[in-house]
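A.B. asks: What shape does this take:
(2 chains)
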Number of protein chains: 2
Amino acid sequence: MKTRDRILQTSLALFNLEGEANTTTVDIANELDISPGNLYYHFKGKDVLIAELFTQYEQGITEILNAPIDRPLSVEDNWFYLYVVFEEMYNYRFLYRNLSDLLARYPELARRFRRIVDLKHAAITAFWQTLSDAAVVSTSEEEAEALVDNMVLLLTYWLNYDHLLHEERPPALIIHKGVYQLMSMIAPYLGEQQRDFYEQVRSIYRNIIAPAAAK
Amino acid sequence: MKTRDRILQTSLALFNLEGEANTTTVDIANELDISPGNLYYHFKGKDVLIAELFTQYEQGITEILNAPIDRPLSVEDNWFYLYVVFEEMYNYRFLYRNLSDLLARYPELARRFRRIVDLKHAAITAFWQTLSDAAVVSTSEEEAEALVDNMVLLLTYWLNYDHLLHEERPPALIIHKGVYQLMSMIAPYLGEQQRDFYEQVRSIYRNIIAPAAAK
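C.D. replies: Below you'll find the model as predicted:
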């Protein structure tokens, strides 16, 4: 691997583990066993590193959020889709941990971060639309709006919330639980389908979470 | 007002406005027009100030969360109760803005902060219990658990989410919107009562949010 890529990979790992605010470029150089001067040759300071990692995250999450779900009415496919969204966020979780502080220090990122939230909003709206078109229940526009907002909020802060309550847990457990919480928000709106839908969600939850929690 | 209280009040205002990480004790002394030495006489550093403000918040929010709702089946009373909870959080919002960073630097606070989340959990569970006892719909324990978790997450991160999307907005607008989002999570579980309940929620929302947003 090229030095430049190794620096990015190690920075990401340290930021996620120790927090971005608690990691210096010297820490990163030490971890890589290279000189601070060598690191500086590739990245002229921590803000350049953060900008580059943010761009990587932005590209990854944008691609995922713009991709359509294969079979939008299948609970499994929806589950898998949301899992992939959370997983990408988890890989760059340091961005979410101290978001306000980070955006205050790098205001240029704030606009781009809001764009990601907008993309999440659009993806969740499309997701909800497909499900509700197939459901019997009629939902007002105001109700649907409140639901989508609540789902986007959960999608944005779930990793922080789980970390606040449990500190480190296996990622698969954290992510599946997040998907479960999202799916459970939709269930009551699906009327007659609710029991069946919820049973499917619960059985996926039991089949996946139980083995993950036992590890 | 005593100097000690003025220092606390000014620190809180600056932390909320500029972020705790961006505020030094010298900034606080300058704002108060006192010498850093005088500030140090009262508080031996920023961590002591933060610990004192956290204790104030902890006492206030604990008292609110332990107080019962007067008429637990009245939408207005529930609304008012949740408003007061959010308002107390808003007054100490710097604590939520960079929570992970703050708790990493002051690990002693992490345990106490989790206790506050537990209290929120208990308050929301009691709130939901009263409403669902009166409702026709039968809800499984698993569904209720997922709902309460989602509500506590929203209660914990709503202020951050609103700040991420809108930066500064009038507090009344932010808080009423948060209560609305919480209430809209419960509405679909109330079956026959749903339409009526939701209509009440919406009319409170319209009567309060519209004037606040127009200001």
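
A.B. asks: how does chain A divide into domains?
C.D. replies: If you go by automatic domain parsing, the domain ranges for chain A are A:1-44, A:50-214.

A.B. asks: can you tell me which residues contact the residue nearest to the spatial centre of chain A?
C.D. replies: Central residue check for chain A by C-alpha atoms, centre = their mean: the C-alpha nearest the mean position is that of A:Met89, 2.9 Å away. The contact partners of A:Met89, taken as C-beta atoms under 8 Å, 6 or more residues apart in numbering or on different chains, are A:Ile61, A:Tyr96, A:Leu159. Where you see a C-beta, it was placed from the backbone N, CA and C, and this is true even at glycine.

A.B. asks: show me what contacts the second one?
C.D. replies: In this structure, A:Tyr96 makes contact with A:Met89, A:Thr156, A:Tyr157, A:Leu159, A:Asn160, judged by C-beta under 8 Å, 6+ apart.

A.B. asks: How is the third one assigned, secondary-structure-wise?
C.D. replies: Going back to what we said before, that points to A:Tyr157. Each residue gets one of three states, and A:Tyr157 gets helix by DSSP: H, G, I helix; E, B strand; the rest coil.

A.B. asks: State the distance from it to chain B.
C.D. replies: 4 Å (C-beta to the nearest C-beta, to the nearest Å).

A.B. asks: The fourth one too?
C.D. replies: With distances taken as C-beta to the nearest C-beta, A:Leu159 is found 10 Å from chain B.

A.B. asks: residue contacts, that residue?
C.D. replies: Counting by C-beta under 8 Å, 6+ apart, A:Leu159 makes contact with A:Phe86, A:Met89, A:Tyr90, A:Arg93, A:Tyr96, A:Ile174, A:Gly178.

A.B. asks: got it, and A:Tyr157?
C.D. replies: If a contact means C-beta under 8 Å, 6+ apart, then A:Tyr157 has A:Tyr96, B:Leu153, B:Thr156, B:Tyr157, B:Asn160, B:Tyr161 as its contacts.

A.B. asks: and what of A:Ala146?
C.D. replies: Contacts were defined as C-beta under 8 Å, 6+ apart; by that measure A:Ala146 touches B:Tyr180, B:Gln181, B:Ser184.

A.B. asks: So the first one: helix, strand or coil?
C.D. replies: Applying three-state DSSP to B:Tyr180 yields a three-state assignment of helix.

A.B. asks: need the contact list for it.
C.D. replies: A:Ala146, B:Val201, B:Ile204, B:Tyr205, B:Ile209.

A.B. asks: what does chain A put close to chain B?
C.D. replies: A:19, A:21-22, A:97-101, A:103-104, A:113-114, A:117, A:142-143, A:146-147, A:149-150, A:153-154, A:156-158, A:160-161, A:163-165, A:180-181, A:184-185, A:187-189, A:198, A:202 (C-beta under 8 Å from any C-beta of the partner chain).

A.B. asks: Filter these down to the buried ones.
C.D. replies: Using 16 or more other C-beta atoms under 10 Å in any protein chain shown as the burial test, these include A:19, A:21, A:97-101, A:103-104, A:113, A:117, A:143, A:146-147, A:149-150, A:153-154, A:156-158, A:160-161, A:163-165, A:180-181, A:184-185, A:187-189, A:198, A:202 as buried.

A.B. asks: Out of these, name the ones that lie in helices.
C.D. replies: Cross-referencing these with the helices (criterion: DSSP state H) gives A:97, A:99-101, A:103-104, A:113, A:117, A:143, A:146-147, A:149-150, A:153-154, A:156-158, A:160-161, A:163-165, A:180-181, A:184-185, A:198, A:202 as the overlap.

A.B. asks: For the helix or strand A:Arg195 falls within, name the packing helices and strands.
C.D. replies: A:Arg195 is located in helix A:194-214, with elements delineated by DSSP states H and E. Using 3 or more C-beta pairs under 8 Å, 6 or more residues apart in numbering or on different chains; DSSP states H and E as the contact test, the elements touching helix A:194-214 are helix A:75-91, helix A:171-186.

A.B. asks: Would you mind listing the buried residues in the lowest-mean-pLDDT helix or strand in chain A?
C.D. replies: Across the helices and strands of chain A, mean pLDDT, DSSP states H and E gives its lowest value to helix A:194-214, namely a mean of 75. Within helix A:194-214, the residues that qualify as buried by neighbour count (16+ other C-beta under 10 Å) are A:Gln194, A:Phe197, A:Tyr198, A:Gln200, A:Val201, A:Arg202, A:Ile204, A:Tyr205, A:Ile208, A:Ile209, A:Ala212.

A.B. asks: Quick one: distance of that helix to the chain centre.
C.D. replies: The chain centroid and the centroid of helix A:194-214 are separated by 20 Å under C-alpha atoms, centre = their mean, to the nearest Å.

A.B. asks: likewise stretch A:157-174?
C.D. replies: Shown here is stretch A:157-174, whose average C-alpha point lies 12 Å from the average C-alpha point of the whole chain (C-alpha atoms, centre = their mean).

A.B. asks: and that stretch, average pLDDT?
C.D. replies: Per-residue pLDDT values over stretch A:157-174 give a mean of 90.

A.B. asks: before we move on, what about stretch A:75-88?
C.D. replies: In this model, stretch A:75-88 has an average pLDDT of 90.

A.B. asks: From what I see, A:Ile7 and A:Asp33 are in contact.
C.D. replies: No. With contacts counted by C-beta atoms under 8 Å, A:Ile7 stays clear of A:Asp33, the gap being 11.7 Å.

A.B. asks: So which of those two has more stuff around it?
C.D. replies: Comparing A:Ile7 with A:Asp33 by other C-beta atoms under 10 Å in any protein chain shown, the one with more neighbours is A:Ile7, at 24 against 6.
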